[in-house]
Each structure stands twice: as C-alpha cells, then as structure tokens.
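Peer 1: When you get a sec, could you give me coordinates for this:
(2 chains)
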Amino acid sequence: MAVHLEYYDVSILELQPLQPNLVAVEGFPDVGLVGTIAAFHMIEKFGMKPVAFIKSPAMPPILSVKTGIIKEPAAVYSDGKLLVITSEIPIPPSLVKNMALSLADWLYEKRVSMLVSLNGYPTQRRIEIAKPEVVGISNSEKGKEVLQEKGIKPFDEGFIAGVFAELLALLRDRDIDGYALIAESFPTYPDPGAAASVLEALSKLLDIKIDVSDLLEKADEIRLNMKDLSARAAQGRMENLPSMYR
Amino acid sequence: MNMVNIEPLSEMYETENSYIITVDLPFIKSKDQIEIYVKENEIEIIAKAGQTITWSSFEGFGKRVEVATFRKKITLPSKINPDNVKAAFKNGILIVELPKLIERRKKVEIE
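Peer 2: The predicted structure is shown next:
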C-alpha cells in the first residue's frame, strides 16, 4: 500500500517499503542535464523501478505517460541496492530549498547510508574537451579523504548552488555522508559525454560497474530528445542565480 | 509520421568585436550538411539530417515526429559585417563568429 508523507511543500508517495542503508544518487535537471542523463542511464542499466513519487503544488501540472499510464515526472527509482532520485522536468527555482529540505528529511527517515549528487559545471571551452574532467565535493573531512583515496580530484574552492548544494549541507547536519561529482559540461546543451564521465567517477566512488558505452553511442539521440528539458533547466538557473554564479 | 523542421539549441555571447553563436546539431556529421546565410542583422542556419530521426517533442505532448532539417534564424543585437563571418564545425557543435560592423562617425562641416 502506498504511503503518503508530507514535508515542506513537497509530498513523497512511497509505492513500496524501502530497506535501510541504501545509497542514494540524485540527478535533477541542471547544467548540461548531466545528472538527469546519468540518472536515467542508471535506471535503464540496472532495471530500476519507481519506488516513490515526488509531488508538490509548486511543480507545473505535468505528468508523463509511459505505455498508457500516468507517472509523476519527479520520482525515486530503485533496484534494491541504490535509490536514484530524478525528474523529467526542472525543479522550479521557488521550490529548490523546500525540495532539498524535504528530501533531506525523507532520506534521513529512510536511513540511507550516503547520497551522491551528479552534476555538471558549465565551461565555454567544452567543445575543445574530448573527455570531461570530474571533480568531487564532500560534506565532511572523512568524505574528502574518501574522494582522495578513490582518485577523484577535489573541487577546492568556489560556489555551488541548487538542490544538490542545499542537500549536501542538510545531510551534513543529519550526519549523512554527502558527495557531489561534477563534470565539465556544455552550459545549456544536453551533455551525454559529461554524464558518462560522472558515471565513471561514481563507479570508482561506489566500487560498482556502470557500462557507459551505449550512453556515448546514443549521444545524438539523447541530445535531440532532451533539448527542450535542457533549455528549461538553463532558464530556471538564470532565474535562480545571481549573474556572477551562472 | 510528420516530417518537421526542428529549432536546435543555440547560445550567443558577445566579445568586444564580435558575436559568437554556437548551435547544437546532433546527428549532423559533416560541415557539408550545413548551410549558413547572413545579412547585416540576421543569421540563418540550416542543417539537413540526411536520415530519418525520430524525435519526441515535449511541446507536442510527446508526439513522435520525423526530423528532416534543423533550422535556426537569429536576429542580431546590432549590425555585423557579413563578408567576414567565420564558421567551424566540431563534435556536433557549429560555431559562428560574426564581426560587429564598426560604424565610423563622420564630422559634418557646417556651411
């Protein structure tokens, strides 16, 4: 039976009970749709099923339809080992803080072992880069050492913004390890190459195997089919951030 | 299925002397598939896919269509010199550099 949990402007409809100690991966639409492309690749590769829907009155009234059945665009998927949190529509700028607060409380209640956010950072010289570099951020000293052990270059200084930035801080306050893996990405174009790079870094961090070869083979199809979502995510970022951080 | 033109994603930024436009052209493999037309205040880019591509449009409520051509027309913020426009195509991205037209002031003598 589905369980309906209410948080800050966000409700999470659990479709099935979840075991504790799962690793959560977040990939909401953001720079280059890196997290979203990576999240949907994992969902497909690991045969994940929706385990919870994320709903909010602040989300636009859009549902996706798959094989004739409605589905919330923001959802949590699982294969029994990992939780993947993603959305087929951008999170409205006005909902970013409450989305992060709600997810942090929910992940705490579900007793996840850690969260890894997958994202991109915009670079105008991306066109010259064959294989995007990935940097890692953690929410603790211990996490920083883990990234170092796994050979993931640290993002030393700068600013981060969006749901993942809020989540890292909120999970630190709840004693949950949080990481962000961020790849060099096109600022507004869907970037399957950057998504492949963050998935390779995620493989190293979690000691799991994620085959990204067909992600690169399907790059043209992904770039075409995700162009509208990418444009919307970029527009949301422009509304959300002061110009110096875009 | 309907054959449609698709507006590709593009970005424009400005330097002191020119406008730089990039256009994301998935499925386009060669510069020979791309045509660029410029006027003093406008650029039009047409790229022919040369194959049937099925695209699920968000605006079309997920309706799947076949894509024939990418077409993008951009009105420029100021006049450019159409004779000195440069373009390159790399990894599926078109980059066009459009030099701004520097209009010189001319002093008018009073009779």
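Peer 1: Provide a list of residues in contact with the residue nearest the centre of chain B.
Peer 2: Among the residues of chain B, the one closest to the centroid is B:I45, at 4.1 Å (CA atoms, centre = their mean). If you count contacts by CB atoms under 8 Å, 6 or more residues apart in numbering or on different chains, B:I45 has them with B:P8, B:V23, B:I34, B:E35, B:I36, B:Y37, B:F70, B:R71, B:K72, B:K73, B:L94, B:V96. (C-beta placed from N, C-alpha, C; glycine too.)
Peer 1: do B:I102 as well
Peer 2: By CB under 8 Å, 6+ apart, the contact list for B:I102 is empty.
Peer 1: Sticking with it, tell me its helix or strand.
Peer 2: Here B:I102 sits in a region with no helix or strand, counting by DSSP states H and E.
Peer 1: Could you find the closest non-adjacent residue to A:S56?
Peer 2: A:V10 (4.6 Å; CB to CB, 6 or more residues apart in numbering or on different chains).
Peer 1: Touching, that neighbour and A:K97? I think so.
Peer 2: No - A:V10 is not in contact with A:K97 according to CB atoms under 8 Å; the separation is 10.6 Å.
Peer 1: starting at the chain centroid, how far to the strand with the most length in chain B?
Peer 2: For chain B, the strand with the greatest residue count under DSSP state E is strand B:42-56. Distance of strand B:42-56 from its chain centroid, counting by CA atoms, centre = their mean, to the nearest Å, is 12 Å.
Peer 1: Could you do stretch B:29-46 as well?
Peer 2: Chain-centre distance of stretch B:29-46: 6 Å, with CA atoms, centre = their mean.
Peer 1: Let me see the mean pLDDT of it.
Peer 2: Per-region confidence: stretch B:29-46 scores 95 on mean pLDDT.
Peer 1: And it, what's buried?
Peer 2: Residues of stretch B:29-46 classed as buried by neighbour count (16 or more other CB atoms under 10 Å in any protein chain shown): B:Q33, B:I34, B:I36, B:V38, B:I43, B:I45.
Peer 1: Distance of the residue nearest the centre of chain A relative to B:I74?
Peer 2: For chain A, the residue sitting closest to the mean C-alpha position, by CA atoms, centre = their mean, is A:G27 at 1.4 Å. The gap separating A:G27 from B:I74 is 31 Å, by CB to CB, to the nearest Å.
Peer 1: next one: A:R111
Peer 2: 52 Å.
Peer 1: do the same with A:P154
Peer 2: Where B:I74 is concerned, A:P154 sits at a distance of 40 Å (CB to CB).
Peer 1: can you give me how far the lowest-mean-pLDDT helix or strand in chain A is from the chain middle?
Peer 2: Least confident helix or strand of chain A, by mean pLDDT, DSSP states H and E, is strand A:3-6 with a mean of 74. How far strand A:3-6 lies from its chain's middle: 22 Å, per CA atoms, centre = their mean.
Peer 1: Could you list the low-pLDDT ranges of chain A?
Peer 2: Applying pLDDT under 70 to chain A flags the ranges A:1, A:237-246.
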